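Engineer: Sequence first, then the predicted structure:
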Amino acid sequence: MGHVVLLGPTASGKSALAMQIAAQRDDVEIIAVDSMQVYRGMDIGTAKPTVADRAAVPHHGLDLADPSEDFTVTRYRDAFDAALAAIEQRGHRALLVAGTGLYLRAVTDRLDIPGQWPDVRRSLEADPDTEALHARLAQLDPDAAARMTATNRRRVVRALEVTLGSGRAFSSFGDGLTAYGPAPFRFVGVDADADALAARIDERLETMLAAGFIDEVHGLQDQLSRTAAQALGYREVLAHLRGELTLDDAIALIGQRTRRLARRQRAWFRRDPRVEWRKPVEVAGAVLGDWDRCRNLSTRG
């Protein structure tokens, strides 16, 4: 049984391509590999598959937690393992639609994932100076500090939490990120043109706004955990609702940060030599036509 990973930057058309592939077979189930689509109610801003798509093709990895929860990679991996086992038991194929690189590596390469130290995290969160926390991380774990911006509070706090709580450098847990060993999946990347991708990002943002994204955030604003509140788009709209940004400025910032995210995702995925990059028009044919190539691969690592 061969499972396939369909990966690429945000707005590259992965979900539509996945549906195009699944519509031509009756043994395909889709697993979303996305760190924010796990939250119930965060539908418009995360570009979650539509109700119609989910009715047409079985989807997994969605709506796993309330937005008030701080969801973790470990919890996602447990849910993924259960979903994949059930798919295999039915004799079906899994099509992983992946935009979150760390979640993907966690499930395909079985990364060593650090635990949690809530008391340490609460102490760190009491310090409002994110750049000072980053400077502290740079002293304790310069490799980890170099991998993140000094203003990315969630990542800085998490790296310090692990370093202080475990007594082990946060970067030491990431050794697996630099190694790309055999995996029981075929990796296909959507090689979207940069200009076309930028245009798709703008179009998708317009579609989200027309679908009621601002109202969605307004309805969730008192329920969002610190993790959920950092989701791209939600963070900017929350700032607008607090009176810190005009709506026009918030929308412009969402577009800017989404384009920046797409560049980072593309760079992350490009480091993986296992990925076969295909133009969007070639993806469905490549997966469907060559699916037998991975038929003999073991489905578990």
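Structural biologist: Ah, there it is.

Engineer: Could you use CA atoms for every contact and neighbour count after this?
Structural biologist: Noted.

Engineer: Got the domain ranges for this protein?
Structural biologist: 3-109+180-294, 118-176 (automatic domain parsing).

Engineer: could you redo the ones you listed as a markdown table and give each row mean pLDDT and mean neighbour count?
Structural biologist: A markdown table is the format used below for those (pLDDT from 0 to 100; neighbours: other CA atoms under 10 Å):
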| stretch | mean pLDDT | mean neighbour count |
| --- | --- | --- |
| domain 3-109+180-294 | 95 | 18 |
| domain 118-176 | 90 | 17 |
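
Engineer: which ones are touching the residue nearest to Trp117 when sequence neighbours are not counted?
Structural biologist: Distances taken as CA to CA, 6 or more residues apart in numbering put Gly165 closest to Trp117, at 5.8 Å, once the chain neighbours are dropped. Residues in contact with Gly165 (CA atoms under 8 Å, 6 or more residues apart in numbering) are 116-117, 120.

Engineer: How much space separates Gly165 from Ala22?
Structural biologist: Relative to Ala22, Gly165 is positioned 44 Å away (CA to CA, to the nearest Å).

Engineer: what's the answer for Ser123, then?
Structural biologist: 47 Å.

Engineer: Looks to me like Phe71 is in a strand.
Structural biologist: No. When DSSP: H, G, I helix; E, B strand; the rest coil is applied, Phe71 is found to be coil, with no strand at that position.

Engineer: looking at it, it is touching Ala65, isn't it?
Structural biologist: Yes. When contacts are counted by CA atoms under 8 Å, Phe71 is listed as touching Ala65 (7.1 Å).

Engineer: how far out from the middle of the chain is the helix or strand harbouring Met19?
Structural biologist: Per DSSP states H and E, Met19 falls inside helix 14-22. For helix 14-22, the gap between its own C-alpha mean and the chain's C-alpha mean amounts to 17 Å (CA atoms, centre = their mean, to the nearest Å).
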